[in-house]
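[1] below is the sequence, then the predicted model.
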Amino acid sequence: MKRFVLKKDDAGANATSYRINYNELLNEQQYHAVMHDRGPALVIAGAGTGKTRTLVYRVARLVEDGTEPRSILLLTFTRRAANEMLDKAAGVLDERCSLVKGGTFHHYCNQLLHMYSDHVGFPPNFTLLDQADASDTIHYVRAPLAAKLRGKRFPQKSTLQAMFSASVNRRQPLYDILASAYPQFLQHHDAILEVQKRYSDYKSENGVMDFDDLLVYTHKMLTESEDVRTRVSSRNRQVLVDEYQDTNALQAELARLFSSAHGNLMAVGDDAQSIYAFRGADFRNILTFPEQFRECQIIRLEENYRSVQPVLDLANTLISKASQKFEKKLFTRKEGGDLPGLVKASCEREQSRFVCQMLLQLREQGLSLGDIAILFRNGRDSYDLEWELNKRNIPFQKFGGQKFSEAAHIRDILAHIRIIVNPDDQIAWNRVLMLLEGIGPKTAQELISWLVRNKNRSFNDSGLVSKSYQHQLEQLSMVLAELNRYRDQPAKAVAAAVAYYNPICSKKFDDHPKRLKDLEAFSGLASAYRSLDELLQALTLDPLDATAVDTEASMKDEEPLVLSTIHSAKGLEWDTVFIVQCLDGIIPSGYSVDDPQALDEELRLLYVGCTRARERLFVTYPVTKESPFGDYFSNPSRFLNGIPEIILEPWMLEEESGPKQITS
């Protein structure tokens with residue numbers, strides 16, 4: 001009989017036994033976070049202070065201390081971020097770190113729900129609706145009620161989707177969501193509530209979930225089943241949550257449940273970079289973390305490795321104006337650096353000309369365009385600048401655009417795959433049937449209704465098939481049978497679906513050559529997955545980014561200039577940053593000025609923009625703005641008021657007979 005040996009359950013008894021010299025590789029604050037022993041901890045990681053490095057070394061330290069890698073849960077906001085962190089941890093220690101459970105909240109919840117699906121009343125093979133499919137489903141169940149209210153303004157499917165998602169993620173009744181954000185639809189509260197119920201019923205009846213359901217049902221399961229909660233949380237000896245300031249109310253509660261058995265929850269984030277309230281992120285999660293966990297240890301990372309001190313001085317000054325915050329002060333050991341410039345232009349056109357002139361000057365000085373970014377509050381704030389850049393042949397890339405798996409031609413292929421994984425998915429059937437010539441909404445619905453009643457039978461048995469599209473239905477049946485044979489060979493399945501879809505694509509889209517290139521690439525991407533089920537889950541949980549339709553291939557001698565909204569720029573950095581259109585009514589948005597919390601978020605948005613710069617920062621604004629009713633005078637952002645010239649240097653533009661000169 002094996003004998004038990006008592007061993008002290010202590011995270012790292014002797015630092016001298018570590019293979020990694022953490023003390024030398026980390027600054028004092030990072031080391032404190034990495035070596036934190038037990039209980040809850042909140043790491044306030046200022047911009048550029050080595051948050052990722054700290055998480056990487058903490059994972060390595062826990063593993064090196066003997067913590068079973070599979071008992072460590074690392075939650076991030078993209079699977080890519082989790083994979084990169086674990087790859088780095090494996091690089092600094094060994095391959096044990098790659099066994100750590102890493103991914104997004106949705107990814108982890110998806111795993112748990114497939115494991116314990118019987119506890120939530122869903123089949124083990126339930127499938128996921130992406131954002132577009134969820135919207136289509138809402139439209140499907142909305143139609144009867146909308147018809148009854150014809151002549152009255154009733155919310156569209158995308159608006160309903162936003163309402164339902166906000167209600168779930170903020171954990172607020174639908175009535176409160178309507179009252180605060182959609183008062184014009186408050187009169188339809190009962191009808192909207194009925195749509196929400198029908199949407200929920202449809203998903204239950206068809207064995208499908210949307211993104212929000214992954215969080216909702218996991219929370220329901222863990223709160224209602226003590227047995228499941230104990231089993232799940234017992235396996236999570238250490239829980240690490242990155243970007244905690246971006247969690248919504250439901251995710252914060254899930255983090256507590258995931259760590260409830262051992263109580264070892266480390267939340268890492270920066271309250272000063274909480275800028276996603278419009279996505280449901282709740283700033284209060286990070287602010288009240290010490291109150292939620294009374295034994296919480298607060299660790300501040302303040303040494304910045306990105307920016308020169310003059311940029312940090314401006315950032316510190318800006319965030320000091322926030323009404324709610326954790327106190328911290330960013331500093332760097334880097335020497336030198338110019339003061340950030342506040343550039344006043346007479347109009348938008350002059351602002352654009354200034355930016356272009358500076359771009360060309362910096363390039364002449366040896367700086368690549370790819371190391372420069374133009375940031376703005378809204379996509380429309382760069383229109384005039386884009387015109388000027390095109391006129392001067394300055395190449396640029398504007399961040400944003402459609403996700404790969406949100407493109408119509410990719411969704412068409414995925415609909416065929418969804419049918420194989422879940423034959424009861426009526427929305428997928430509707431999309432596939434509507435691709436065929438001669439089949440409209442009415443015929444598609446008749447065929448789908450027949451399929452529901454007569455599973456595993458041929459369309460020809462239905463008596464609904466017209467000669468005009470009989471051949472197409474036969475081809476569809478053949479390709480679906482072929483896809484089913486390749487369930488465990490996704491690359492072959494996608495290739496077969498693409499071969500079938502190519503002529504449809506050519507007829508459906510004017511730009512089909514570009515879309516066909518996407519489809520070719522999709523076949524290659526599918527080879528990374530072991531089954532159609534895995535492929536479908538991965539693409540739904542973590543959409544791929546660019547499409548050939550959105551990004552024209554071009555041969556350039558250098559990387560293009562980056563144009564981006566500040567929201568899209570979070571987490572990135574450049575040598576030189578311009579923040580344009582820094583006007584009151586834009587930063588902050590005119591919609592936020594009467595809401596103290598919203599105003600604080602706008603301030604944090606400007607802070608995020610400033611902290612993207614490593615060496616140079618220019619904040620620009622035009623004195624006059626154009627409107628359909630004529631020009632009007634504007635004001636610089638109220639957040640810039642009172643900032644001394646020794647922190648933000650005012651510049652003016654002077655028109656001379658030669659090229660435009662810039663004087664301070």
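    Sure, I can see it. Numbers count the residues shown, from 1 in each chain.

[2] give me the number of residues near residue 471?
    The number of residues packed around residue 471, counting by other C-beta atoms under 10 Å, is 10. Just so you know, the C-beta spots here come from the backbone N, C-alpha and C atoms, and that holds for glycine as well.

[3] quick check, it in a helix?
    Yes: per DSSP: H, G, I helix; E, B strand; the rest coil, residue 471 lies within a helix segment.

[4] thinking residue 232 is in contact with residue 222, fair?
    Yes: under the criterion of C-beta atoms under 8 Å, residue 232 makes contact with residue 222 at 6.6 Å.

[5] which of those two has more neighbours?
    In terms of neighbours (other C-beta under 10 Å), residue 222 is the more surrounded of residue 232 and residue 222; the figures are 25 against 22.

[6] now the strand or helix carrying the more buried one: how far from the chain's centre is it?
    For residue 222, the element it lies in under DSSP states H and E is helix 211-224. Using C-alpha atoms, centre = their mean, to the nearest Å, we find the averaged C-alpha position of helix 211-224 to lie 20 Å away from the chain's own average C-alpha position.

[7] who's in contact with residue 592?
    With contact set as C-beta atoms under 8 Å, 6 or more residues apart in numbering, residue 592 has these partners: 598-599, 601-602.

[8] part of a helix, is it?
    No: in this structure, residue 592 is coil, not part of a helix, as judged by three-state DSSP.

[9] next one, pLDDT for it please.
    For residue 592, the pLDDT comes out at 87.

[10] list residues touching both of residue 232 and residue 222?
    residue 257.

[11] residue contacts, residue 126?
    Contact partners of residue 126, counting by C-beta under 8 Å, 6+ apart, are 113-114, 117, 207-209, 422.

[12] sorry, slip of the keys, the one I care about is residue 325.
    By C-beta under 8 Å, 6+ apart, the contact set of residue 325 is 271-272, 319.

[13] dump those residues to JSON lines, plus distance to residue 426.
    Putting the contacts of residue 325 into JSON lines (distance: C-beta to C-beta, whole Å) gives the following:
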{"residue": "271", "distance to residue 426": "44"}
{"residue": "272", "distance to residue 426": "46"}
{"residue": "319", "distance to residue 426": "50"}
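
[14] about what we covered before: of the contacts of residue 126, closest to residue 441?
    Of all the contacts of residue 126, residue 208 has the smallest distance to residue 441: 20.1 Å, by C-beta to C-beta.

[15] tell me the confidence at that closest one?
    According to the predicted model, the pLDDT of residue 208 comes to 92.

[16] pretty sure it contacts residue 422?
    Yes: between residue 208 and residue 422 there is a contact under C-beta under 8 Å: 6.8 Å.

[17] those two: which is more packed in?
    Set side by side, residue 208 and residue 422 give different neighbour counts by other C-beta under 10 Å, the larger being at residue 208 (25 against 20).

[18] now do the phi/psi pair for that one.
    Listed backbone geometry of residue 208 is phi -130, psi 150, with angles given as degrees, to the nearest 10.

[19] show me what contacts it?
    126-129, 137, 422, 425, 427.

[20] ok, 7 Å please
    126-127, 129, 422, 425 (C-beta atoms under 7 Å, 6 or more residues apart in numbering).

[21] which of these fall within strands?
    Among the contacts of residue 208, the members falling in strands are residue 127 (criterion: DSSP state E).

[22] so which of the contacts of residue 208 comes closest to residue 633?
    Using C-beta to C-beta as the measure, the one of the contacts of residue 208 that approaches residue 633 most closely is residue 129, at 48.7 Å.

[23] spatially nearest residue to that closest one (excluding sequence neighbours)?
    residue 210 (4.6 Å; C-beta to C-beta, 6 or more residues apart in numbering).

[24] I'd say the one you found and residue 134 touch.
    Yes: between residue 210 and residue 134 there is a contact under C-beta atoms under 7 Å: 4.3 Å.

[25] residues of stretch 426-439 that come out buried?
    426-433, 435-436, 439 (16 or more other C-beta atoms under 10 Å).

[26] which residues does residue 356 contact?
    Contacts here follow C-beta under 7 Å, 6+ apart; on that basis residue 356 touches 388-389, 392, 394.

[27] out of the residues you listed, who's the most crowded?
    Top of the contacts of residue 356 by neighbour number is residue 389, holding 21 neighbours under the definition other C-beta under 10 Å.

[28] can you give me the pLDDT of that one?
    Note for residue 389: predicted pLDDT of 89.

[29] got it, and residue 16?
    In this prediction, residue 16 has a pLDDT value of 48.

[30] where exactly do the helices run in the stretch 151-300 of the chain?
    Shown for the stretch 151-300 of the chain, the helices assigned by DSSP state H, counting those that start in this stretch span residues 157-169, 174-181, 189-206, 211-224, 226-235, 249-258, 284-287, 289-292.

[31] would you list those in a markdown table and tack on distance to residue 634?
    Conversion of the helices of the stretch 151-300 of the chain to a markdown table gives the following (distance: least, C-beta to C-beta, whole Å):
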| stretch | distance to residue 634 |
| --- | --- |
| helix 157-169 | 31 |
| helix 174-181 | 27 |
| helix 189-206 | 38 |
| helix 211-224 | 39 |
| helix 226-235 | 54 |
| helix 249-258 | 37 |
| helix 284-287 | 33 |
| helix 289-292 | 39 |
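
[32] so how far is residue 326 from the closest residue in space to residue 283 that isn't next to it in sequence?
    In space, residue 283 comes closest to residue 274 once its chain neighbours are excluded; the distance is 4.6 Å by C-beta to C-beta, 6+ apart. Note on residue 274: its distance to residue 326, by C-beta to C-beta, to the nearest Å, is 11 Å.

[33] again with residue 614
    24 Å.

[34] same check, this time on residue 518
    Residue 518 sits at a distance of 44 Å from residue 326 (criterion: C-beta to C-beta).

[35] so the two - more neighbours on which side?
    When residue 518 and residue 326 are compared for neighbours, residue 518 comes out ahead with 21 against 18, by other C-beta under 10 Å.
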